[in-house]
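Novice: sequence and predicted structure are below.
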Amino acid sequence: MRERMPGLAVAASAAVVAWLVHLALPGLPLLTAAVALGIVVGQVPAVQRQLDGRLAPGLRTASRSLLRAGIVLLGLKLSLVDIANLGWVTIVTTVAVVVLTFVGTIGLGRALGLPGHQPLLVASGFAICGASAIGAMGSTVRARAEDQAVPVALVTLCGTLAIAVLPALWHPLGLSNVEFGHWVGAGVHDVGQVVATAQLGGPAALAVAVVVKLTRVLLLAPMVAVTAAVERRRHVAADGPRPPIVPLFIAGFLALVLVASFVPLPAPVLEAADLVQTALLAMALFALGASIRFADLAATGWRALVVGLTSWALVATLAYGAVLLG
């Protein structure tokens, strides 16, 4: 534990800085600020030596264990009752947006020759819930830090751009406030980015956006479980160590979804859990961002950028179609 403390302390300090940035710039989601701060810090040569040296054990713990704990607590934000109230058409179209974006992005990533697990991780980030999904899927398939770096950078870039681009298209596309919220919830990657974008449409738009977005977040569990099953079969064929059928943190996430749906929890408990969850994810996403080295991404950068921008356009287009159907 002693060797992990310096890295964990830096991650915690970075989370506080990200919170202060968010307070100064409310339109910038806290978790996006945390990832961006990590990316910036990771490019400074003098700091890189510390990140890759004595801070590395703590940052690895933050990007893995703390990320999983944060995802488990995220389950308390989801209510199956709220999701059911969306109606079956909205639920089905939201699932379709996630699955089609996921499959399409993986196919494009493989066609363009992205290395390692990058196609899967880019697909997870853009289809489900941003950098959190990348970390969850990366943990499940035991992806290298280098494989996670590109998807995290891409989903942060495109999610931040969405905060400006989607509102600019809102009225030209002829969407009402509620339809705009639906579009944002179905098409923007991170929960914080969804809130920052949808709040421009007022309380009704924000409420719809959050519930639609959390429906996508709920799909993280089956997507990770299916991926884990595929990985398990592949490792069996290769006679290697097998990952669990359902990762423990995903089981915990589902358990807290059920608690949030059927157990009336006091508001102070939910507020405390939300604070802890945000802090854990901010530390984890800073650590993921700090692992990114732009100099090391040059070889595959243009291909990854094409995949990321195409996936962003795909999810936004499919989400717009879902709004029209709804």
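Specialist: Yep, that arrived.

Novice: the residue nearest to Glu179 when sequence neighbours are not counted: which element?
Specialist: Of all residues not flanking Glu179 in the chain, Val323 sits nearest, at 5.1 Å (Cβ to Cβ, 6 or more residues apart in numbering). All C-beta spots, glycine's among them, are computed from the backbone N, C-alpha and C. Element membership of Val323 [criterion: DSSP states H and E] is helix 301-325.

Novice: packing partners for that helix?
Specialist: For helix 301-325, the helices and strands in contact under the criterion 3 or more Cβ pairs under 8 Å, 6 or more residues apart in numbering; DSSP states H and E are helix 88-111, helix 118-124, helix 145-170, helix 177-187.

Novice: what residues sit buried inside it?
Specialist: By neighbour count on 16 or more other Cβ atoms under 10 Å, the buried set for helix 301-325 is 303-305, 307-308, 310-312, 314-316, 318-323.

Novice: surely the residue nearest to Glu179 and Leu175 touch.
Specialist: Yes. Taking contacts as Cβ atoms under 8 Å, Val323 lies within contact range of Leu175: 6.8 Å.

Novice: mutual contacts of those two, please.
Specialist: Contact with both Val323 and Leu175 is made by residues Trp183, according to Cβ atoms under 8 Å, 6 or more residues apart in numbering.

Novice: and stretch 192-199, what's its mean pLDDT?
Specialist: Averaged over stretch 192-199, pLDDT sits at 85.

Novice: cool, and stretch 42-49?
Specialist: In this model, stretch 42-49 has a mean pLDDT of 88.

Novice: separation between Val226 and Phe102?
Specialist: 10 Å (Cβ to Cβ, to the nearest Å).

Novice: about what we covered before: can you give me the pLDDT of the residue nearest to Glu179?
Specialist: 93.

Novice: now do the contacts for it.
Specialist: With Cβ under 8 Å, 6+ apart, Val323 has these contacts: Leu175, Glu179, His182, Trp183, Ala186.

Novice: and of those residues, the nearest to Ile128?
Specialist: For those, the minimum distance to Ile128 (Cβ to Cβ) is 11.7 Å, reached by Ala186.

Novice: sorry, back to before: of Val226 and Phe102, who's got more company?
Specialist: Phe102 (22 against 10; other Cβ atoms under 10 Å).

Novice: give me the spatial nearest neighbour of the more buried one, chain neighbours excluded.
Specialist: Excluding the flanking residues, the one nearest Phe102 by Cβ to Cβ, 6+ apart is Ala127, at 4.0 Å.

Novice: so what's that neighbour up against?
Specialist: Val97, Val98, Val99, Thr101, Phe102, Thr105, Ala133, Arg216, Met223, Ser311, Val315.

Novice: residue ranges with poor pLDDT in the stretch 151-300 of the chain?
Specialist: The stretch 151-300 of the chain contains residues with pLDDT under 70 at 234-246, 296-300.

Novice: Gln48 against Ala56, yeah?
Specialist: No. The criterion here is Cβ under 8 Å, and Gln48 misses it with Ala56 at 10.8 Å.

Novice: more crowded one of these two?
Specialist: Ala56 (19 against 15).

Novice: how far away is the more buried one from Arg4?
Specialist: Distance of Ala56 to Arg4, computed by Cβ to Cβ: 9 Å.

Novice: phi, psi of Gly87?
Specialist: phi 100, psi 150 (degrees, to the nearest 10).

Novice: what count of nearby residues applies to the closest residue to it other than its chain neighbours?
Specialist: Excluding the flanking residues, the one nearest Gly87 by Cβ to Cβ, 6+ apart is Gly326, at 7.7 Å. Look at Gly326: counted by other Cβ under 10 Å, it has 20 neighbours.

Novice: right, and Gly326 touches Trp88 too?
Specialist: No. Taking Cβ under 8 Å as the definition, Gly326 is not a contact partner of Trp88, at 10.4 Å.
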